[in-house]
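Peer 1: sharing a model prediction with you, sequence too.
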Amino acid sequence: MSVIAMRGLRKDFTVRVGRGRLRREKRTVTAVDGIDLGIERGEMVGYIGPNGAGKSTTLKMLTGVLTPSAGEVSVCGLSPVPQRTRLALTIGVVFGQRSQLWWDLPLRDSFALLRHVYRVPAGAHAARLRRCRALLELDEFLDTPVRQLSLGQRMRGELTAALLHGPSVLFLDEPTIGLDVVSKQAVRSFLAELGGSGDVTMVLTTHDLADIERLCRRLVVIDHGRVVHDGTIEALHARYGSRRRLVVDLDAPLAPDFAVPGAELVALDAGGHRASFDLLSSVAGAVVAELTSLAAVRDLALVEPDIEDVVARLYRS
Ligand SMILES: Nc1ncnc2c1ncn2[C@@H]1O[C@H](COP(=O)(O)OP(=O)(O)OP(=O)(O)O)[C@@H](O)[C@H]1O
């Protein structure tokens with residue numbers, strides 16, 4: 001059985017909108033519109049979509065914060081809303097915009113309180129905290145009140161807080177939002193290490209696609225509350241015909257009509273000395289072999305297709 005299962009999952013909100021100066025009308029907003037998904041143990045799934053696509057609403061239904069309007073949902077075999085207390089013991093939640101730490105307490109005390117909230121045996125708690133302290137480099141601010149922590153420090157604290165009870169599923173909503181590049185890398189490396197064990201199932205929403213590239217083999221894209229892609233990033237590239245690009249610096253200018261089967265010459269720069277090819281069916285070696293019969297190759301670079309480009313194309317379509 002899937003660790004996370006959704007069948008025909010749907011969430012409608014009723015909103016009141018102004019009509020003229022006095023009238024207000026009820027309108028239904030469908031945030032999640034019939035999602036069917038199964039997520040297996042140990043998977044790291046990127047759950048992405050444009051603003052308002054329904055990502056947070058889905059996560060709220062998975063974590064028992066919101067009751068679905070229709071459909072079925074289960075997490076670790078539990079029904080999130082009615083079994084919310086039991087669910088809390090098996091899941092960890094990190095919402096980038098919201099804190100689960102005690103604002104006025106030092107981080108160390110928040111962690112100690114969480115041990116009692118979740119009734120974690122002292123030994124297990126100490127072992128998990130030791131690991132997080134080492135991997136997330138918490139020691140220099142463990143005694144600082146949470147309200148004085150920087151965003152990056154707090155996020156490292158939030159991750160620790162979410163893991164101290166040893167959850168088997170981790171939900172992460174924008175875990176790197178607002179972080180500088182170094183903190184982002186620290187959080188990503190930590191999550192990669194955590195996911196590497198294969199014991200923790202992770203669902204990650206983010207607008208930073210580098211998070212997805214670094215962490216997730218599976219990418220689920222939603223738009224208007226519906227799944228529009230479920231598969232690898234490579235499958236998404238294949239679907240949109242993304243191409244790898246080969247850029248070659250030559251010691252003699254290349255003729256603009258140069259042609260090689262399976263590749264398309266898309267740009268000639270630096271007076272014809274720099275040629276860029278989109279690789280259609282050919283491989284880089286075949287193109288380079290053709291070129292070396294005409295000029296010496298000084299340098300070359302192979303540029304992988306950009307995830308931002310392909311996801312932007314998916315959102316636009
Ligand atoms: N409590 C609510 N009441 C009414 N409408 C809501 C509520 N929560 C969400 N919505 C609407 O549901 C839709 C989906 O919102 P949701 O927050 O799930 O999107 P999202 O994909 O998380 O977006 P973002 O990337 O901007 O965070 C939006 O149209 C939003 O306005």
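Peer 2: Happy to help now that I have it.
Peer 1: domain ranges for the protein?
Peer 2: Following automatic domain parsing, the chain resolves into domains at 4-231, 243-316.
Peer 1: what pLDDT, on average, does the shortest one get?
Peer 2: Same thing as domain 243-316. For domain 243-316, the mean pLDDT works out to 90.
Peer 1: end-to-end on it?
Peer 2: 19 Å (C-alpha to C-alpha, to the nearest Å).
Peer 1: quick one: which of the domains of the chain is nearest the ligand?
Peer 2: domain 4-231 (3.2 Å; C-beta to the nearest ligand atom). All C-beta atoms are positioned from the backbone trio N, CA, C, and that covers glycine.
Peer 1: about what we covered before: tell me which of the domains of the chain sits most buried.
Peer 2: When the domains of the chain are scored by mean count of other C-beta atoms under 10 Å, the highest mean neighbour count falls to domain 4-231 (a mean of 17).
Peer 1: mind checking the end-to-end distance for it?
Peer 2: First-to-last residue span, domain 4-231, C-alpha to C-alpha: 16 Å.
Peer 1: likewise for stretch 274-287?
Peer 2: Terminal-residue distance, stretch 274-287 (C-alpha to C-alpha): 14 Å.
Peer 1: could you dump the domains of the chain to TSV with distance to the ligand?
Peer 2: Listed next are the domains of the chain as TSV, based on distance: least, C-beta to the nearest ligand atom, whole Å:
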stretch	distance to the ligand
domain 4-231	3
domain 243-316	11
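Peer 1: could these go into CSV alongside distance to His237?
Peer 2: Converted to CSV, the domains of the chain look like this (distance: least, C-beta to C-beta, whole Å):
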stretch, distance to His237
domain 4-231, 10
domain 243-316, 5
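Peer 1: what about the helices in the stretch 51-200 of the chain?
Peer 2: Counting by DSSP state H, counting those that start in this stretch, the stretch 51-200 of the chain has these helices, from start to end: 55-62, 84-90, 107-117, 122-136, 151-163, 181-196.
Peer 1: export the helix or strand that the longest one is followed by as PDB, just CAs?
Peer 2: Right, helix 181-196. Downstream of helix 181-196, the next assigned helix or strand under DSSP states H and E is strand 201-205. The C-alpha trace of strand 201-205 is given here as PDB (Å, rounded to 0.1, in the frame of the first residue of the first chain):
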ATOM      1  CA  THR A 201       9.200   9.700   2.500                       C
ATOM      2  CA  MET A 202       9.300  13.400   1.500                       C
ATOM      3  CA  VAL A 203       6.900  15.700  -0.300                       C
ATOM      4  CA  LEU A 204       8.400  19.000  -1.100                       C
ATOM      5  CA  THR A 205       6.700  22.100  -2.500                       C
END
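Peer 1: give me the contacts around strand 201-205.
Peer 2: If you take C-beta atoms under 8 Å, 6 or more residues apart in numbering as the criterion, strand 201-205 is touched by 3-4, 39-48, 55-56, 59, 62, 168-175, 191, 194-195, 211-212, 215-216.
Peer 1: in a markdown table: the helices of the stretch 51-200 of the chain, plus mean pLDDT.
Peer 2: Below are those laid out as a markdown table (pLDDT from 0 to 100):
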| stretch | mean pLDDT |
| --- | --- |
| helix 55-62 | 95 |
| helix 84-90 | 94 |
| helix 107-117 | 94 |
| helix 122-136 | 93 |
| helix 151-163 | 92 |
| helix 181-196 | 90 |
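Peer 1: quick check: which of the ones you listed is nearest to Ser317?
Peer 2: Nearest to Ser317 among these is helix 55-62 (18.6 Å), distances taken as C-beta to C-beta.
Peer 1: give me the angle between that closest one and strand 201-205.
Peer 2: Angle of helix 55-62 versus strand 201-205, following axes from the mean of the first three to the mean of the last three C-alpha atoms, to 10 degrees, is 150 degrees.
Peer 1: could you pull out the strands in the protein for me?
Peer 2: Secondary structure of the chain (DSSP state E): strands at 4-19, 23-39, 44-48, 70-75, 91-95, 169-173, 201-205, 218-223, 226-231, 244-250, 263-269, 274-279, 297-303.
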